[in-house]
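S.K.: got a predicted structure here, sequence first:
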Amino acid sequence: GAVVSQHPSWVICKSGTSVKIECRSLDFQATTMFWYRQFPKQSLMLMATSNEGSKATYEQGVEKDKFLINHASLTLSTLTVTSAHPEDSSFYICSARQGGDTIYFGEGSWLTVV
Amino acid sequence: AQSVTQLGSHVSVSEGALVLLRCNYSSSVPPYLFWYVQYPNQGLQLLLKYTTGATLVKGINGFEAEFKKSETSFHLTKPSAHMSDAAEYFCAVSESGGSNYKLTFGKGTLLTVNP
């Protein structure tokens, strides 16, 4: 099975609502998780680095208040897109660092805002 | 700062032919280099990585890549393409010894394999 699991895989939400995406490391503890965004036919852009028990570190240009990241436990990080708009529609991918330079990626979550 | 350039957004080969996907990087410190594969609507799967040691790295599915410091390159090759190799391939770099292992990705190369 997948080492890192994301849920949901697909989500459609109405404009103005909030949606939460979960990223779980299934069989290891991840002190660091990363959230990426990928537009169709483009590369992955790092949004933020999530460290367990502390505030996430956001990349330049990423709105902290819009993309809320919580890393409440060593196996779970969540990304909440607040007041979603159609331009937030994208493929969101998380990754989790198992240790050293070993990083596993989740299967990704498609968000469509209508 | 680090960056990755993948030459060719789309590479098309015949089944059984050599696969060569190009990747050049820029890094102010010794890099860690990675190749990932992404199948449609899925996450990323690690093909191989270079951290230290032998510069020719072998990965899964018959792929290999060679780290060439003088050329700042980390090209991905496979001697004989298979239909199942059709996917998007991403080269990525992170700073060795970095405390957070952030990955910087290239724009990706779509590999199509013709029968």
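M.R.: Yep, it's here.
S.K.: isn't A:N70 right next to A:G53, touching?
M.R.: No: judged on C-beta atoms under 8 Å, A:N70 makes no contact with A:G53 at a distance of 10.5 Å. To be clear about C-beta, it is placed using only N, CA and C from the backbone, and glycine gets the same treatment.
S.K.: can you list the strands that the longest strand along chain A pairs with?
M.R.: With secondary structure taken from DSSP state E, chain A has its longest strand at strand A:90-99. Partner strands and pairing direction for strand A:90-99 (DSSP bridges) are strand A:32-38 (antiparallel), strand A:102-105 (antiparallel), strand A:109-113 (antiparallel).
S.K.: output the ones you listed in a markdown table, with mean pLDDT appended to each entry.
M.R.: Output for the strands paired with strand A:90-99, formatted as a markdown table (pLDDT from 0 to 100):
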| stretch | mean pLDDT |
| --- | --- |
| strand A:32-38 | 93 |
| strand A:102-105 | 86 |
| strand A:109-113 | 95 |
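S.K.: which one's more surrounded, A:N70 and A:G53?
M.R.: A:N70 (15 against 9; other C-beta atoms under 10 Å in any protein chain shown).
S.K.: so where does the more buried one fall, helix or strand?
M.R.: strand A:67-73 (DSSP states H and E).
S.K.: for B:I60, give me its contacts.
M.R.: B:L46, B:L47, B:L48 (C-beta atoms under 8 Å, 6 or more residues apart in numbering or on different chains).
S.K.: spell out which parts of chain A neighbour chain B.
M.R.: A:4, A:6, A:32, A:34, A:41-46, A:49, A:57, A:93, A:95, A:97, A:101, A:103-108, A:110 (C-beta under 8 Å from any C-beta of the partner chain).
S.K.: and the residues you listed, which are buried?
M.R.: For the residues of chain A next to chain B, a neighbour count by 16 or more other C-beta atoms under 10 Å in any protein chain shown gives the buried set as A:4, A:6, A:32, A:34, A:43-46, A:49, A:57, A:93, A:95, A:97, A:101, A:103-108, A:110.
S.K.: the residue nearest the centre of chain B: which element?
M.R.: For chain B, B:W35 is the residue whose C-alpha lies nearest the centre (C-alpha atoms, centre = their mean; 3.2 Å). Secondary structure from DSSP H and E places B:W35 in strand B:31-38.
S.K.: hmm, who's touching the helix or strand just after that strand?
M.R.: Next helix or strand after strand B:31-38 toward the C-terminus (DSSP H and E): strand B:44-50. In this structure, residues lying in contact with strand B:44-50 by C-beta under 8 Å, 6+ apart are A:44, A:93, A:95, A:101, A:103-105, B:32-39, B:57-61, B:63-65, B:67, B:74, B:76, B:89-90.
S.K.: hmm, B:T51 is touching B:P30, no?
M.R.: No: look at B:T51 against B:P30 with C-beta under 8 Å: they stay out of range, at 9.3 Å.
S.K.: neighbour-wise, which of those two wins?
M.R.: Remark: of B:T51 and B:P30, B:T51 carries more neighbours, 15 against 11, as counted by other C-beta under 10 Å.
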